[in-house]
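Peer 1: dropping a prediction and its sequence here:
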Amino acid sequence: MTPLIPMAAKPLLAINDMSIVFTSPDEPDVKAVRQVDLTLTPGKTLALVGESGCGKSVTARAVLRLLDSNAEIRTGEIHFEADSGPVDIARLKPDSLALRSIRGAQISMIFQEPMSSLSPVHTIGDQIDEIILLHERVSPKQARERTVSLLDQVGIPGARDRANAYPFELSGGLRQRAMIAMALACTPKLLIADEPTTALDVTTQAQILDLLRQLQADFGMAMLFITHDLGVVAEIADEVAVMYLGDVVEQGDVYEVFRAPKHPYTQALMNSVPRLQRKSERQRLSPIKGTVPSPKDRPEGCAFTSRCPYAFAPCPTIRPEPTVVGDGHVARCHLLTHAREEAVA
Ligand SMILES: Nc1ncnc2c1ncn2[C@@H]1O[C@H](COP(=O)(O)OP(=O)(O)OP(=O)(O)O)[C@@H](O)[C@H]1O
């Protein structure tokens, strides 16, 4: 399939038509992610943004096949340019050697809560050494040298001594840095960051974002960055994909999407963010009316129908096709094609 967004370089990651369902013996399947297409270029950052429950984490976890046991990738492909050549991660067995050689080495992940990847009973140095020793042919002494240098690179003061600290002995910000060092231990091509700064105070959040940007420049890795914070997207991303109830409703270059959002959901998200303005120019913030429906009540058509101020006849039943709306900018909304049809008629 020809991508709607022209790619500047061969994608490192190309998710095509991916749908993920949660199954339960007593209930109908729940579609958490619906026919998602995403591409990520080497060295660039793609932000996945949207309200809680829209499928950001499930999409990201699918890339590492870290989904819960009741989740199933029902359709689609996850193409990754692995060291050994192109691979479709969706076809790999979660415990296969091929996937284990990718996970933690070529693609790694950081989380909001560092203790979800750090063990409380081992020192941070031992944990990072272990990952290096698992994936690379180096001696324990060489692994420790690399660990100390990584801890230093992520801004942990007194790295050699701190390598002997247990996670509970570090502050929240330092723990976050240690988790980042661990994720970078084998210089991955892709770092997946799932709300890594959400739990931090604003100063630490800014430091961690700066650090990630710096490390990205040093290591040349791509990032898939999950957040619900548009300010963070503006800070860190090259491209953005806006998700709503399992659908990607709009995606493209960050500047382009922020300058001229085309989907009513993206427009509403932008209007709900405070901006610095003179007192006389200040507008009231408009929160998005209503709540995200449960994925169990998703309409067949556009997922945003029940909250959209412009919804009209086709919206609840017919799913809008992706429409190219600008340079490297695509949105799924009937208004876009409707306006065009009217213009042509
Ligand atoms: N183990 C599970 N069983 C059933 N449904 C699940 C499970 N995990 C996630 N879901 C559902 O999948 C949907 C997407 O969840 P996901 O965690 O990806 O959302 P999110 O956008 O990352 O939200 P948040 O910002 O709150 O983390 C949600 O409706 C959620 O209820």
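Peer 2: Alright, I've got the coordinates.
Peer 1: which residue sits closest to Gln216 in space, ignoring its chain neighbours?
Peer 2: Nearest non-adjacent residue to Gln216, counting by Cβ to Cβ, 6 or more residues apart in numbering: Met223, 6.1 Å away. Just so you know, the C-beta spots here come from the backbone N, C-alpha and C atoms, and that holds for glycine as well.
Peer 1: so what does the one you found have for phi and psi?
Peer 2: With angles defined as degrees, to the nearest 10, Met223 sits at phi -130, psi 140.
Peer 1: list the contacts of it.
Peer 2: Residues counted as contacts of Met223 (Cβ atoms under 8 Å, 6 or more residues apart in numbering) are 44-46, 190-193, 212, 216, 236.
Peer 1: nearest to Ser306, of the residues you listed?
Peer 2: Ranked by distance to Ser306 (Cβ to Cβ), those are led by Leu46 at 27.7 Å.
Peer 1: report the beta-bridge partners for the closest one.
Peer 2: On the basis of DSSP bridges, Leu46 is bridged to Leu224, Glu239.
Peer 1: confidence score at it?
Peer 2: Note on Leu46: pLDDT of 97.
Peer 1: contact residues of the protein facing the ligand?
Peer 2: For the chain, the residues in contact with the ligand (Cβ under 6 Å from any ligand atom) are 22, 30, 32, 50, 52-58, 68, 70, 228, 295.
Peer 1: just curious, which of those is nearest to Gly252?
Peer 2: The closest of those, once distances to Gly252 are taken by Cβ to Cβ, is Gly50, at 15.0 Å.
Peer 1: report how many residues lie close to the closest one.
Peer 2: 25 (other Cβ atoms under 10 Å).
Peer 1: and the one 10 residues further on, by the same measure?
Peer 2: Ala60 is surrounded by 20 other residues when neighbours are defined as other Cβ under 10 Å.
Peer 1: got phi/psi on it?
Peer 2: Dihedral angles (degrees, to the nearest 10) for Ala60: phi -70, psi -40.
Peer 1: tell me who's in contact with the residue in the stretch 151-300 of the chain that the ligand sits nearest to.
Peer 2: Nearest residue of the stretch 151-300 of the chain to the ligand (Cβ to the nearest ligand atom) works out as Pro295 at 4.6 Å. Pro295 sits next to 30-32, 53, 245-246 when contact means Cβ under 8 Å, 6+ apart.
Peer 1: now for the residues you listed: which two are most distant?
Peer 2: Lys31 and Gly53 (12.6 Å).
Peer 1: what sits closest to the residue of the stretch 151-300 of the chain closest to the ligand if chain neighbours are left out?
Peer 2: Nearest non-adjacent residue to Pro295, counting by Cβ to Cβ, 6+ apart: Val30, 4.9 Å away.
Peer 1: pretty sure the one you found contacts Phe22?
Peer 2: Yes. Counting by Cβ atoms under 8 Å, Val30 touches Phe22, with 4.5 Å between them.
Peer 1: rewinding a little: of the contacts of Pro295, which is the most crowded?
Peer 2: Leu245 (27 neighbours).
Peer 1: ok, now how distant is the nearest residue to that residue once chain neighbours are set aside from the ligand?
Peer 2: Counting by Cβ to Cβ, 6+ apart, Leu245 lies nearest to Ala303, which is 3.8 Å off, once chain neighbours are set aside. From Ala303 across to the ligand, the span is 11 Å (Cβ to the nearest ligand atom, to the nearest Å).
Peer 1: does Ala303 count as helix, strand or coil?
Peer 2: Using DSSP: H, G, I helix; E, B strand; the rest coil, the three-state assignment for Ala303 comes out as coil.
Peer 1: now do it, the pLDDT please.
Peer 2: Looking at Ala303, the pLDDT reads 92.
Peer 1: give the contact list for it.
Peer 2: Ala303 is in contact with 34, 244-247, 249, 293, counting by Cβ under 8 Å, 6+ apart.
Peer 1: likewise for Leu174?
Peer 2: By Cβ under 8 Å, 6+ apart, the residues touching Leu174 are 156, 162.
Peer 1: if you set the cut-off to 7 Å instead, what comes out?
Peer 2: Residues near Leu174 by Cβ atoms under 7 Å, 6 or more residues apart in numbering: Ile156.
Peer 1: in a strand, it, correct?
Peer 2: No. Applying three-state DSSP, one finds Leu174 to be helix, outside a strand.
Peer 1: what's the local residue count around Ser108?
Peer 2: Applying other Cβ under 10 Å, we find 26 residues neighbouring Ser108.
Peer 1: what confidence value was assigned to the closest residue to Ile78 other than its chain neighbours?
Peer 2: Nearest in space to Ile78, with sequence neighbours left out and distances taken as Cβ to Cβ, 6+ apart, is Ile89 at 4.0 Å. For Ile89, the pLDDT comes out at 97.
Peer 1: one step back: surely the residue nearest to Pro295 meets Thr23?
Peer 2: No. Using Cβ atoms under 7 Å, Val30 makes no contact with Thr23, being 8.1 Å away.
Peer 1: mind checking the SS state of the nearest residue to Asp29 once chain neighbours are set aside?
Peer 2: Of all residues not flanking Asp29 in the chain, Val21 sits nearest, at 4.3 Å (Cβ to Cβ, 6+ apart). In the three-state summary, Val21 is assigned as strand, counting by three-state DSSP.
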